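**Q** Quick one, what's the 3D model for this:
(one chain, ligands or ions: 2)
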Amino acid sequence: MNEQSNPRPMIQAPSHPGPHEGYMPGFGNDFETEALPGALPQGMNSPQKVNYGLYGEQLSGTAFTDVRPERTWCYRIRPSVKHSHRYTKIDLPHWKSAPCVDPDVISLGQYRWDPVPHQDTPLTWLTGMRTMTTAGDVNMQVGMATHVYLVTQSMQDEYFFSADSEMLVVPQEGRLRFATELGIIDVEPQEIAIIPRGLVYRVEVLDGPARGFVCENYGQKFELPGRGPIGANCMANPRDFKAPVAAYEDREVPSTITIKWCGQFHTSKIAQSPLDVVAWHGNYAPYKYDLKTYCPVGAILFDHPDPSIFTVLTAPSGQPGTANIDFVLFRERWMVAEDTFRPPWYHKNIMSELMGNIYGQYDAKPKGFVPGGISLHNMMIPHGPDQQAFEGASNADLKAEKLDNTMSFMFETRFPQHLTPFAATEAPLQDDYIYCWETLEKKFDGTPGKK
Ligand SMILES: O=C(O)Cc1cc(O)ccc1O
Ligand SMILES: [Fe+2]
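**A** Residues are numbered from 1 along each chain as shown. Ligands and ions are numbered 1, 2, ... in the order given. Modelled structure (predicted):
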C-alpha cells in the first residue's frame, strides 16, 4: 500500500521552513516558531489580546515548580477546552496499561517473538496498538508499557492524546506522519519520534503497511544520558534532535478526540481540527531523531563494556543511575577488542530487557531474532549468546571486524515486565526459544588450558 488516497487536510506551514526543512535542531531547547508572521507575542506570554485573534494557552509537562520546568506556550485558534468535553468511555482491548498482571500468564522466563503479522482488517494508530508488556503502575506515573503497532490506515478527523505517557516510537516498516498541535513529524525506520504527554496528534500512513515498536513512558520524560568521562561529544548529540516548526489547520469538520487517561480511553466529539496552534514557544515539544547519527563509543583494546554505553535516551526514576527506562541502540560498529569474547556476555540483570530488531542480525543471536521480532529477558532471568554465537565468537580470528547490517534496540526498565495475554497467546511466540542454549557444551574437564 502506498500513499493513502484519502484527501489530506490542508496544513498551513510557514513559507520559509529554514535549513532543516520544517524542523528546528536541538534537545530540550527553548524553541520559538510561528506559522504566520507576528503570531507569537514577543517579550511576554499573555498580552491582553493576541495577534490574529488567537488564544494563549500553556501546556505544562512538569509541575510548575519542577527544578527544570518544561512547558510550551501555544497561540491557537480556539483553546483546548473547546476541543474536549463530554467524554464517552470506549474500549481499545489490545492497548493495556500497568498494572496488567494476569494470573494465568507467566512472565518469568526468556521469551522471543517473530514479527507480529499485519492483519486483514484496516488498523489505525489507535486500533492497531498491541501491548506486549507492562511494568510499574500508570496511576503512580511509574514504569512503562511496550507495544507493537500495526498501522494501515490514517486517522481521519480523529485525534488522540495520552495523559498517561510520553510515547517513544521506533518504526520498523513503513513511514508515518505525526500531525501534532506543535507541527508535523515524519518518521521512517532508523528514525525515532517522541510525542510528549498531553500533546494532541493524528497519525497518517505515508507508506504502509507500517509496523514498529512503542515504549510508553509513564514516568519522568526521556532525557540525554550524562556522558561522564566520555565528555561533551559522541553518543547522541543534542543538535541531531529535531522539533517541528509550527503548522496549523483551520478546519471545521465533525471530528473526535480520544484521550488515554489512567489506562482508560474516552472520546469526545468536536466540531473542528484541534491542530490549530499557529505559533508556539517553549521547551515541551515532540521531536524526532535519526538513529544513524548516533555515534557509538566502545572497547578499543579488550573486554565488552556494559550496554549502557549505547544509551540514546534515559528516563529517570528518581533513584540516580537507575532508570525508569533506558533506550539503548545496538547499531553498526567496529569490533576490535583483542583476546576478548566480543558478543554480550552471559548475565542476569535486576533491570528487565525488552529488545526489538529494526533490521539485520544481532550478534548474540545470529538466527531467530529477526527484523520486527522481539525478545524479553526479564528481571534476574539468565540469558546471553546462543550456542552458535558462542562457538563462533570463541573461535573467531580476532581481526578488526565491522559489525554491519545490524540495528537492534533495548527498552530496559528497573521494573519487571509482565506479558499481556496478547503477548502470551496471540502474538507469534517462539516456543522453542530456550533451546538455543540447550546445546551449549560442557568444556570443563578438570585440566588447565583454554578449550
Ligand atoms: O542481552 C542482551 O543481548 C543485551 C545486552 C547487550 C550487551 O552488549 C550487554 C548486555 C546486555 O544485556
Ligand atoms: Fe541482556
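**Q** and residue 176, how many neighbours does it have?
**A** Applying other C-beta atoms under 10 Å, we find 24 other residues in the vicinity of residue 176. The C-beta positions use only the backbone N, C-alpha and C, and glycine is treated the same way.
**Q** Just to check, it is in contact with residue 205?
**A** Yes: at 6.4 Å, residue 176 counts as touching residue 205 under the criterion of C-beta atoms under 8 Å.
**Q** Can you pull the residues that touch both of the two?
**A** With contacts taken as C-beta atoms under 8 Å, 6 or more residues apart in numbering, the residues that reach both residue 176 and residue 205 are residue 151.
**Q** Low-confidence ranges, this protein, go.
**A** Counting by pLDDT under 70, the low-confidence segments of the chain come to 1-20, 83-84.
**Q** at 80 what do you get?
**A** 1-20, 83-85 (pLDDT under 80).
**Q** Return the residues of it in contact with ligand 1.
**A** For the chain, the contact set with ligand 1 under C-beta under 6 Å from any ligand atom comprises 307, 344, 347, 353, 364, 377, 383, 410.
**Q** In terms of distance to residue 104, which of those residues ranks first?
**A** Nearest to residue 104, judged by C-beta to C-beta, of the residues of the chain next to ligand 1 is residue 377 at 21.7 Å.
**Q** Residue 112 versus that closest one, what's the distance?
**A** Using C-beta to C-beta, to the nearest Å, residue 377 is found at 9 Å from residue 112.
**Q** Residue 351 too?
**A** Applying C-beta to C-beta, the value for residue 351 to residue 112 is 18 Å.
**Q** Could you check which of these two is surrounded by more residues?
**A** A direct count of neighbours by other C-beta under 10 Å for residue 351 and residue 112 places residue 112 higher, at 22 against 19.
**Q** and the residue of the stretch 51-200 of the chain nearest ligand 1?
**A** Closest to ligand 1 within the stretch 51-200 of the chain is residue 110: 9.9 Å, counting by C-beta to the nearest ligand atom.
**Q** Next, find the distance separating that residue from residue 424.
**A** Taken as C-beta to C-beta, the span from residue 110 to residue 424 is 14 Å.
**Q** Near residue 126, how many other residues are there?
**A** 20.
**Q** What of residue 80?
**A** The number of residues packed near residue 80 is 19, by other C-beta under 10 Å.
**Q** check contacts around it.
**A** Residues in contact with residue 80, defined by C-beta under 8 Å, 6+ apart, are 57, 200, 274.
**Q** Compare those and tell me which has the most neighbours.
**A** When those are compared by neighbour count (other C-beta under 10 Å), residue 200 ends up highest, at 25 neighbours.
**Q** surely that one meets residue 162?
**A** No: using C-beta under 8 Å, residue 200 is not in contact with residue 162, being 9.9 Å away.
**Q** Roughly how far does the closest residue to ligand 1 within the chain sit from residue 194?
**A** For the chain, the residue closest to ligand 1 is residue 344, as judged by C-beta to the nearest ligand atom, at 3.4 Å. Taking C-beta to C-beta as the criterion, residue 344 is separated from residue 194 by 27 Å.
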